[in-house]
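**Q** coords please:
(2 chains)
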Amino acid sequence: MDNVKKLVTQELSFALAIPAFLWQLIFLCVPLSIIIYFSVAPGAFLSLSSYVALIHFSYVRVIARSLLLATATALITLMLSYPIVYYIVRHLSYIRKHLLVLLMLPFLTNFLVLAYSWFFLLERDGLINSFLMRFSFINEPLSLIYNNGAVLIVMCYCYLPFMIMPLYVSLEKLDVRLLEASADLGANAWQTFVRVTLPLSFPGIKTGLLLVFVPAFGEFAIPTLLGGSKFLVVGSLISYYFFVARNNSLGAAFTIVAGIVLFLFLIALQKGVTCFTSVMKKRE
Amino acid sequence: MRSIRLEGITKSFHGETVVENINLTIPNGKFFALLGPSGSGKTTLLRLIAGFEQPDKGRIFLGNRDITHVPINERRVNTVFQNYALFPHMNVFDNVAYGLKIRKVTRELIDEKVARILKAVHLEKHIYKQINQLSGGQQQRVALARAIINEPDVLLLDEPLAALDLKLREHMLIELIELQSSLQTTFVYVTHDQFEALTVADTMAIMNADGDIEQTGTPKEIYEFPVSSFVANFVGSTNIFQGTILEIDEQYKIELPHLGVFEITIPAGKEWVQPGVNLFMSLRPEKIEISKTVQHGFSNMLRGNVAAIVYHGRSTQYDVRLSNGMQIRVFEQNEEHFPQEVIDYDDQVYLYWQKENVVLLDR
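**A** Here you go, the predicted structure:
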């Protein structure tokens, strides 16, 4: 009887997992297979020539630029969000839900619209420049757009909610009594922050960094729009190969290489963090 | 000096006064219990002493030093929290060593002290366990160890045993008493459980639901000589009668409406008890004898019918309905397997007590 029951539950759990399986199959496995096929079939025959074509310094530079952009975006959004979220949760907790909604409100707008509105703000005849010119603060328009700074600012702006949400969740469930206990045991505010608050919000920080870093690495709209044609990142290069150059095989090969680099980078980061924390522990 | 003195402490939250004009002295090196019903402000007093809250008015002294505005981390006061508040990301060792690490004590000394203190609370086998691998009782001991390792002048305990089962609680109470007498630290123990307070305290204070301190004294003083019917009711259980003092043949007696006139003794210090005064009389259930037959040698007697019998094991509780409808509670020790006299429901019984065993109260 028990065996039958066990079998039934097994069958049932399998049945319940089917939609997820199908989802993964249709939207992950199939497209990935197509990409892999494209990358090894530049012509009528299978060949690795597309990968060989990628062995060039300019591709390394594009991937490095994307890694740098994603890292900078992730770190800056963390630096911006942590104090804000901490302050809201600890000192404005009675209106924290409302403030969170306010923080999130701009991001209910479409991502592209957000990027475009920054474009209209920063461009040569944009709002900022025309305002400053109008009131004679400047005589010539500032070049606010088509540089690294513009890309980074807008990237940080657009990816902020992906950092705020996980930080909010982890800081909100932080038990105030633990902070009291720390103070009671002689710690000042900074010691309490380093020894209790920060370690306990670490899962939130990690999730936030990942949620920002991964999509930021593949981002192509913002760099294209605000960085200009010289600012090539992984996303814009892929879209260039597929939609402009019509070189599907090279585009697919580059996609796969970039994906592998991202994967290895994250694993290395994870290893590095584990090492760092254990060293810190030993040092105590 | 490790005594604590509260002078005119007032504290309110969101316009609601929790404690008002509290004056209290907690003696040096004693086990002090602060007993009161939930919402009486006893935890607020504890948090004021610890420094988690600032009083609106009044001052707090530790020894002769005014610590009212000294920050939490600079007070030589440590707290054992109700829910323990152990750091979940640290193991037992790191939790206990926390205060020492903050004070930058050397690694060797930390190792030695933690080992010693964990042995004292019987946790030496669990030194590297994570907090969530411990039982409630073990977590309680970690919380205790984490606080006392800092050798505070005063240890505050906020309902520390509330989450433990009865047997473990009784055991921990004994350990706490032993710990206190070996450390000679001032312990302030906040609880709503009169059994715990009576067990551990050298001195105790009773707070009422309005946040006032009704009485301070030794457990025995408080139990035997409560100053108000609130204290008499809250610490242990009692029977409260309302009556009027009469003078008959140069003797003061008490008239209880519809029940008759009873003998009393008036101890020193109760000069306000004068003929014509309306007052309350408290009579503890265990100070009443119950019998179906007429007994001699008691100053007072009442008649009633048994309305309820509750068997507690070591004693039996009888609720006896009097002729005026009032119910009186009586405890009788179960001294024998087969009592000579079996009292059953609806039996008519006599209740006897000595006049020295009542307490006269003005409120």
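
**Q** distance of the spatially most central residue of chain A from residue A:80?
**A** Geometric centre of chain A, nearest residue: residue A:212, 1.9 Å, by CA atoms, centre = their mean. Residue A:212 sits 11 Å away from residue A:80, going by CB to CB, to the nearest Å. The C-beta positions use only the backbone N, C-alpha and C, and glycine is treated the same way.

**Q** Tell me the residues that contact both of those two, please.
**A** With contacts taken as CB atoms under 8 Å, 6 or more residues apart in numbering or on different chains, residue A:212 and residue A:80 have residue A:163 as neighbours in common.

**Q** Please list the residues of the stretch 101-250 of chain A that sit near chain B.
**A** The stretch 101-250 of chain A comes close to chain B at residues A:175, A:177-178, A:180-188, A:191, A:195-196, A:199-200, as judged by CB under 8 Å from any CB of the partner chain.

**Q** Poorly predicted segments of the chain, please.
**A** If you meant another chain, say so; for now it's chain A. A:1-2, A:283-284 (pLDDT under 70).

**Q** my bad, chain B
**A** Applying pLDDT under 70 to chain B picks out residues B:1.

**Q** Enumerate the residues of it near chain A.
**A** B:50-52, B:71-74, B:77-79, B:81, B:83, B:85-89, B:98-99, B:101-103, B:146-147, B:150.

**Q** Sort out which of those residues are in strands and list them.
**A** B:77-79 (DSSP state E).

**Q** Which PyMOL command selects the buried ones in those?
**A** Written as a PyMOL command, the selection of buried residues from those, which uses 16 or more other CB atoms under 10 Å in any protein chain shown, is:
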select buried, chain B and resi 77+78+79
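
**Q** which one of the ones in strands among the residues of chain B next to chain A is nearest chain A?
**A** Taking CB to the nearest CB as the measure, chain A lies nearest residue B:79 of these, at 4.9 Å.

**Q** and the gap between the closest one and residue B:169?
**A** Taking CB to CB, one finds residue B:79 at 19 Å from residue B:169.

**Q** Ok, residue A:251 next?
**A** Taking CB to CB as the measure, residue A:251 falls 70 Å from residue B:169.

**Q** These two: which has the busier surroundings?
**A** More crowded of residue A:251 and residue B:169, by other CB atoms under 10 Å in any protein chain shown: residue A:251, with 23 against 19.

**Q** Secondary structure element for the more buried one, which one?
**A** Using DSSP states H and E, residue A:251 sits in helix A:248-283.

**Q** Which of the helices or strands spans the residue nearest to the centre of chain A?
**A** Applying DSSP H and E, one finds residue A:212 within helix A:202-218.

**Q** Name the residues of the helix or strand immediately after that helix in the chain that come out as buried.
**A** Following helix A:202-218 in sequence order, the next helix or strand is helix A:221-227 (DSSP H and E). By 16+ other CB under 10 Å, the buried positions in helix A:221-227 come out as A:221-227.

**Q** and what of stretch B:26-41?
**A** Buried residues in stretch B:26-41, counted by 16+ other CB under 10 Å: B:26, B:29-36, B:40-41.

**Q** try stretch A:91-107
**A** By 16+ other CB under 10 Å, the buried positions in stretch A:91-107 come out as A:96, A:99-100, A:103, A:107.

**Q** could I get those residues as JSON lines with secondary structure?
**A** Listed next are those as JSON lines, based on DSSP: H, G, I helix; E, B strand; the rest coil:
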{"residue": "A:96", "secondary structure": "helix"}
{"residue": "A:99", "secondary structure": "helix"}
{"residue": "A:100", "secondary structure": "helix"}
{"residue": "A:103", "secondary structure": "helix"}
{"residue": "A:107", "secondary structure": "helix"}
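
**Q** For residue B:212, see how far away the closest residue to residue B:224 other than its chain neighbours is.
**A** Closest residue to residue B:224 apart from its sequence neighbours, by CB to CB, 6 or more residues apart in numbering or on different chains: residue B:359 at 7.8 Å. As judged by CB to CB, residue B:359 and residue B:212 stand 20 Å apart.

**Q** Distance check, residue B:250 against residue B:271.
**A** Counting by CB to CB, the gap from residue B:250 to residue B:271 is 16 Å.

**Q** brain fart, residue B:310
**A** Per CB to CB, residue B:310 is found 39 Å from residue B:271.

**Q** Compare these two (neighbour count), which wins?
**A** Legend: neighbour count by other CB under 10 Å for residue B:310 and residue B:271, higher for residue B:310 (11 against 7).

**Q** Okay then, goodbye and thanks.
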